[in-house]
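**Student:** Predicted model and sequence follow; I will ask about them next.
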Amino acid sequence: MPDDRLKYMAEPGVPDLQKLQAEGLYPTDDRIAAGPVAVFECMQEIPCNPCEEACPRGCIRIGEDITGIPRLDPSCTGCGLCLPSCPGLCIFILDGSYSGTEATVTMPYELLPLPEEGETVDALDRQGREVCEGRVVRVRAIGTSELCRSLTVAIPKAFVHDVRHVRRQSD
Amino acid sequence: MARTVTHCDVAVIGAGPAGLSAAVQLGEAGADTIVLDEKPAAGGQLFKQIHKFFGSERHMAGMRGFEIGELLLSRCEELQIPVRLNSPAWALFPDLSLGTTFEGLPSAIKAKQVIVATGASENALSFPGWTLPGVMGAGAVQTMVNYHRVRPGERALVVGAGNVGLIVAYQLLQAGIEVVAVAEAAHTVGGYMVHAAKIRRMGVPFAMNHTVLSAEGEGRVERCTIAAVDEAFVPQPGTERTFDVDLVCVAVGLSPAVELCSSMGMEMTHVGELGGWIPSHNAALQTSIDGVYVAGDVSGVEEASSAMEEGRLAALSALSALGVVRRPEAECLRTKIKESLNQLRRGPFGSTLAQRKEDVCRRHEEQCLTIA
Amino acid sequence: MTSRRIDDHPILGASPNCREVTITVDGSPLLARDGDTIASALIAAGWTAFRHTEKRHEPRGVFCAIGKCTDCVMTVNGVPNVRTCIALVEDGMRVETQEGLGTWRVP
C-alpha cells in the first residue's frame, strides 16, 4: 500500500493525533476544554465532502479537490449537525467543558438496541478495548429521516481522546 | 412457441446503477430505450447497500445505496422506460440483435445501439472446504442480510479487508451476527480506513498477514482455520487459529461479468487492478464492436458512484451515434461527466484506477479498435 | 435455533407485513414470505444443502446469491438447475434438493 494511505495514522485505524494537530486538522486540548467542537477522524484522502455541505455555518472546508481532509474553522460551535452526514462515521463531537470531572463524546451510532439516556455503558477506544465506564447523556436523531443516531456519553476527562464507541453492559 | 421481436433505439443490458443511469440519460433525450435484467428486481447491488455513499452532492453522497436505487427507478418510471425483469440477455450479436426472454418466452430485440452494463460477480477463494454450505461471497451475505432480511449464520469470519469485506463485516454486526475476525493476507487494510475503524472500535479483531487454510464441518461449515503468511503468502506452520463459525464471508475481489462481450468476439484486455478481463474501450466507452458500449463494473471494477457516471457517458455516446445529440452539445456534456468521474478517481485510492483506465483507453485508440 | 429472520434493524427498520407463501421442499411444506427467493426462504428456515454434486455427492448451498455462479441450483416444479437465489417463491411451488445434474420431471 502506498505510504500516502497511512500518512495520518499511528497504526491502521488509529489517527496520529499529534500530526493532525500540527497540521491544524484536530483541535487542541485547550479548544476541547473550552466547549463542544467537531473532530474529523477521516485519516485518508478519499473523494468525499458531504460534511462540507452539512455545516450551516460553513465551518468545514474541503475544497474543490474533494479528496481533501476536512479543515475546521475556529467558529465551530460543536452543534453536531455534521456528525450524521459522514458516510464513514468518523465525525465526533468532543466537549471538555461538560463538567469539572467529565467530558462528553458524541458519536455516530447505527445499532440496535439503542442505549437509553442515563444508562451506564462500557466505553471503548478505537481498538475496541474498554477504557472506562460512561453514562449515556443523550441519544438523538438529527432530522426526521436520519437513521444514524448521535449518541452522547459522559466519561472521565482523561479519556476524551480515546473513547469512540460504547457497548451496553447487558450485551 | 410464441416469439416476439422488439425494435428499439438503445437496449441497455443490466438494471444496476450504470444501466439505470444510462436509461435515464437516454429517456431524457427521447431515445426509445429498453432495459433488461435477469433478476426479478432491478437496482443491481444498490438495494443491499444500506451504507451511505461517498463522493460529492453530484454523486449523491450521503445517500444510502437503496435510496439511490429507488430514485433511479422512479425516474425511469417517470420517463416511461420499460425495465424488463426476469429477462436475461443470453446472446448479443454484432448486428446488435439480442436473444432474451420476455414474460417467460423466447424473445429478440433489435437495437440500433447497445449498452452492456452487466456488472461483476464475486471471486471465490479455493481452500479445503470452500464449497461447504455457509462459505459464501461477502456480497451474497450482504444480499441475504440487507435485502432479504435473513441471517445466513450466527457467527462469521470475514476474509478480505478491502471495502467489501469491511463494509459487510459492519453490516453483519448491524444485523446481530457476530464477527469473530477479519482475515487479510496483505499486511494492511486495502479498503478505506474509516470502514476498518468502525469495526475495530466495536471490538472486531483484525488478523493481518493471514489467509484461510480450511473450512470444516458436517454438511455445512462449522469451523474455519486461518494461518499467518510470509511475504510470499506462504502459510507458516504453527500459526494456525481455528474459529467456531457457521458463516465464512469471502471478500477477495470481484470479476467483471463479461460473458456477453467475449462471446460476441469483442476485443478484450486483461487488467488486474480492474478485476481481470474487461472489454477494451475508449474514453467514450465505445468497444471494438460498432454500436456497443460498456459502463459500470463490467468495464472495470470500481464502485456505484463511478458506474452511474459511466452509464451517462455511454448513453451520451449512443445518443451521439444516433444523431439525437449534436456534437458540440455532446462534447460539453461529456466534459462535465468526465470532470465528475475524475473527482472520484482522485487521491491515493482512485489514482491507480484512473491510471489503469487511461491505459486501457489509450491502447484502444492506438489499436484503432473502434470502427468510427 | 433463534429465528433467522431479522425482525428489526437499525437501518432497514421493522419487518414489513408480508403475505405468506407456502412452497414444498422435498415433499414437506415450508412457509415463506412473498418476495423471498427460494434461497432466502430456505436459508431463513435453516436449510444448508440445496444440492449434492454429481461425482462426490458433496453438499452445496449459496455462493454468489446474484445468479452468476450456479452453486444454489435446485429442481423446481420438475425443472432442474434453477438458480434458487434469483427465483421468487410462488404458492404451491415444488422445490427438490437436486442430486447431480438433475432430471427433467415436468408432467
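**Tutor:** Happy to help now that I have it.
**Student:** Name the nearest residue to the residue of chain B found nearest chain C, sequence neighbours excluded.
**Tutor:** Residue of chain B nearest chain C, by C-beta to the nearest C-beta: B:Pro133 (3.0 Å). From N, CA and C alone the C-beta is placed, and that goes for glycine too. Sequence neighbours aside, C:Gly61 is the residue nearest to B:Pro133 in space, at 3.0 Å (criterion: C-beta to C-beta, 6 or more residues apart in numbering or on different chains).
**Student:** same thing with A:Gly24?
**Tutor:** A:Arg71 (6.6 Å).
**Student:** and the residue in chain C that chain B sits nearest to, what does it touch?
**Tutor:** Nearest residue of chain C to chain B: C:Gly61, at 3.0 Å (C-beta to the nearest C-beta). Counting by C-beta atoms under 8 Å, 6 or more residues apart in numbering or on different chains, C:Gly61 touches B:132-134, B:136, B:220, C:48-50, C:71-72.
**Student:** residues contacting residue 35?
**Tutor:** By default, I'm working from chain A. By C-beta under 8 Å, 6+ apart, the residues touching A:Gly35 are A:77-78, A:95-97.
**Student:** Correction: the question concerned chain C.
**Tutor:** With C-beta under 8 Å, 6+ apart, C:Gly35 has these contacts: C:18, C:88.
**Student:** mind running it again at 7 Å?
**Tutor:** C:Cys18 (C-beta atoms under 7 Å, 6 or more residues apart in numbering or on different chains).
**Student:** Flag every residue of chain B that's near chain A.
**Tutor:** By the rule C-beta under 7 Å from any C-beta of the partner chain, the part of chain B lying against chain A is B:51-57, B:61-62, B:174, B:188-189, B:192-198, B:200-204, B:343-344, B:346-350.
**Student:** Please repeat the previous calculation with a cut-off of 8 Å.
**Tutor:** B:51-57, B:61-62, B:64, B:173-174, B:176, B:186-190, B:192-198, B:200-204, B:206, B:208, B:343-350 (C-beta under 8 Å from any C-beta of the partner chain).
**Student:** secondary structure element for B:Val182?
**Tutor:** If you go by DSSP states H and E, B:Val182 is part of strand B:178-184.
**Student:** hey, where'd the strands end up in chain A?
**Tutor:** A:9-11, A:14-15, A:37-40, A:60-61, A:71-72, A:91-95, A:102-109, A:120-124, A:130-141, A:149-156, A:165-168 (DSSP state E).
**Student:** helices or strands next to the least confident helix or strand in chain A by mean pLDDT in the packing?
**Tutor:** For chain A, using mean pLDDT, DSSP states H and E, the weakest element among its helices and strands is strand A:9-11, scoring a mean of 76. Here strand A:9-11 touches no other helix or strand, going by 3 or more C-beta pairs under 8 Å, 6 or more residues apart in numbering or on different chains; DSSP states H and E.
**Student:** residue ranges for the helices of chain C, please.
**Tutor:** C:38-44 (DSSP state H).
**Student:** which parts of it sit against chain B?
**Tutor:** So far as C-beta under 8 Å from any C-beta goes, chain C lies against chain B at C:2, C:4-6, C:9-12, C:15, C:36-37, C:40, C:43-44, C:48-50, C:53, C:58-69, C:71, C:85-88.
**Student:** Quick check on these: which are buried?
**Tutor:** Among the residues of chain C next to chain B, the ones that count as buried by 16 or more other C-beta atoms under 10 Å in any protein chain shown are C:4, C:6, C:9-12, C:36-37, C:40, C:43-44, C:48-50, C:59-69, C:71, C:85-88.
**Student:** any idea which residue sits dead centre in chain A?
**Tutor:** Here the mean C-alpha position of chain A is nearest to the C-alpha of A:Phe92 (C-alpha atoms, centre = their mean), at a distance of 1.4 Å.
**Student:** which ones are touching that one?
**Tutor:** Counted by C-beta under 8 Å, 6+ apart, A:Phe92 has contacts A:38-39, A:41, A:83, A:105-107, A:164.
**Student:** And the helices in the stretch 251-372 of chain B?
**Tutor:** Using DSSP state H, counting those that start in this stretch, the helices of the stretch 251-372 of chain B run over B:259-263, B:304-322, B:327-344, B:347-366.
**Student:** could you say what helices and strands the third one packs with?
**Tutor:** Yep, that's helix B:327-344 we're talking about. helix B:304-322.
**Student:** before we move on, back to that, and the strands of chain A, which one's lowest on average pLDDT?
**Tutor:** The minimum mean pLDDT among the strands of chain A belongs to strand A:9-11 (a mean of 76).
**Student:** Any chance you could note which residues of chain B sit beside chain C?
**Tutor:** Residues of chain B lying near chain C (C-beta under 8 Å from any C-beta): B:38-40, B:45, B:50, B:64, B:121-122, B:124, B:131-137, B:139-141, B:143-146, B:148-152, B:154, B:174-176, B:219-220, B:257.
**Student:** hmm, try it at 6 Å
**Tutor:** B:38-40, B:50, B:121-122, B:133, B:136-137, B:140, B:143, B:148-152, B:174-175, B:219-220 (C-beta under 6 Å from any C-beta of the partner chain).
**Student:** Can you flag which of those belong to helices?
**Tutor:** Using DSSP H, the residues of chain B next to chain C in helices are B:140, B:174.
**Student:** Just the buried ones from the residues of chain B next to chain C?
**Tutor:** Of the residues of chain B next to chain C, these count as buried by 16+ other C-beta under 10 Å: B:38-39, B:50, B:121-122, B:133, B:136-137, B:140, B:143, B:148-152, B:174-175, B:220.
**Student:** if we can go back for a sec, export the contacts of A:Phe92 as TSV, with columns for neighbour count and distance to B:Ser305.
**Tutor:** As requested, those are exported to TSV (neighbours: other C-beta atoms under 10 Å in any protein chain shown; distance: C-beta to C-beta, whole Å):
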residue	neighbour count	distance to B:Ser305
A:Ala38	24	25
A:Val39	26	26
A:Glu41	26	22
A:Leu83	25	22
A:Val105	26	31
A:Thr106	24	28
A:Met107	22	26
A:Arg164	27	27
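**Student:** Quick one: the residues you listed as TSV, columns for distance to A:Asp30 too.
**Tutor:** Compiled in TSV, the contacts of A:Phe92 are given as follows (distance: C-beta to C-beta, whole Å):
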residue	distance to A:Asp30
A:Ala38	16
A:Val39	14
A:Glu41	20
A:Leu83	22
A:Val105	18
A:Thr106	20
A:Met107	22
A:Arg164	21
